[in-house]
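Give me a model of this one.
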Amino acid sequence: MANGFRNAIRVIRSESSDANHQNPLIILGHSLGGIITKEALIKMKDGDNHDQANFKATYALLFFGVPNRGMEIRHFTPIVHNAPNRYLVEVLGTGSDFLREQSAKFPIIFHFKDSEIISYYETEETPTAQMVDDKWERTGKTVLLVPYDSAIHSRPWELTDRYLVQVNRDHSEMVKFSERPRW
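Alright, predicted model coming up:
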């Protein structure tokens, strides 16, 4: 997935009027999307000239409920059971070696003081899935899927309210517009 995202960035930027990679990249990632973004950037740093140019052009990362240190997965495992994507769910779990390694690598490679990482974290619990009439519905017990400590991925100079933003929604709703916008 990270390679697919990295390749998509290459294609889009090579076909745009910004073929020289002068325009900054601002990337938004929700949950797994943030993990994929970080992995793509790790790969881009040591990639070819195009990858490195895109890596250096990355100005800001806006991470919404990204489980940097893992998330509650107990309610997901019955859904995936032994399907091929079970490994993906397990990688997102608390105590994941993959996430631990990624969280150690990422601040080292993405250390630019002129870039920004803004972490948005949920404050409300999300209804979990349960089987109802032979189909999965989000009507189960509510849990905080990605706690604050996991959702923040800040470098030392970003441990302020400017970079750590509370969203009073659950994990799924935190990236959706309300039906009645306030603007």
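
any low-confidence regions in the protein?
Counting by pLDDT under 70, the chain shows low-confidence ranges at 18-21, 180-183.

Centre-most residue in it?
Using CA atoms, centre = their mean, the residue of the chain that lies closest to the mean C-alpha position is Gly34, 1.7 Å off.

ok so it is a helix residue?
Yes: read with DSSP: H, G, I helix; E, B strand; the rest coil, Gly34 is one of the residues of a helix.

surely it meets Phe63?
Yes: contact criterion CB atoms under 8 Å: Gly34 and Phe63 qualify, at 4.3 Å. Where C-beta positions appear, they are placed from N, C-alpha and C, glycine not excepted.

For these two, list the residues in contact with both.
Contact criterion CB atoms under 8 Å, 6 or more residues apart in numbering; residues shared by Gly34 and Phe63: His153.

List the buried residues for stretch 40-56?
Judged by neighbour count using 16 or more other CB atoms under 10 Å, the buried positions of stretch 40-56 are 40-45, 47, 50-51, 53-55.

likewise stretch 124-139?
Buried, per 16+ other CB under 10 Å, within stretch 124-139: 126-129.

Quick check: the gap between the residue nearest to the centre of the chain and Ala83.
According to CB to CB, to the nearest Å, Gly34 stands 23 Å off from Ala83.

again, but for Met174
In this structure, Met174 and Ala83 are separated by 26 Å, where distance is defined by CB to CB.

Between the two, tell me which one has more neighbours.
Met174 (22 against 10; other CB atoms under 10 Å).

got a list of what that one touches?
Residues counted as contacts of Met174 (CB under 8 Å, 6+ apart) are 30, 64-65, 120, 122, 167.

ok, now with 7 Å
Each residue near Met174 by CB atoms under 7 Å, 6 or more residues apart in numbering is listed here: 64-65, 120, 122, 167.

about what we covered before: between the buried residues of stretch 40-56, which is nearest Gly93?
Closest approach between the buried residues of stretch 40-56 and Gly93, by CB to CB: Ile42, at 20.1 Å.

hang on, the earlier thing: tabulate the buried residues of stretch 40-56 in JSON lines, adding columns for distance to Phe110 and secondary structure.
As requested, the buried residues of stretch 40-56 are arranged in JSON lines below (distance: CB to CB, whole Å; DSSP: H, G, I helix; E, B strand; the rest coil):
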{"residue": "Ala40", "distance to Phe110": "11", "secondary structure": "helix"}
{"residue": "Leu41", "distance to Phe110": "6", "secondary structure": "helix"}
{"residue": "Ile42", "distance to Phe110": "8", "secondary structure": "helix"}
{"residue": "Lys43", "distance to Phe110": "12", "secondary structure": "helix"}
{"residue": "Met44", "distance to Phe110": "10", "secondary structure": "helix"}
{"residue": "Lys45", "distance to Phe110": "8", "secondary structure": "helix"}
{"residue": "Gly47", "distance to Phe110": "14", "secondary structure": "coil"}
{"residue": "His50", "distance to Phe110": "18", "secondary structure": "helix"}
{"residue": "Asp51", "distance to Phe110": "14", "secondary structure": "helix"}
{"residue": "Ala53", "distance to Phe110": "15", "secondary structure": "helix"}
{"residue": "Asn54", "distance to Phe110": "13", "secondary structure": "helix"}
{"residue": "Phe55", "distance to Phe110": "8", "secondary structure": "helix"}
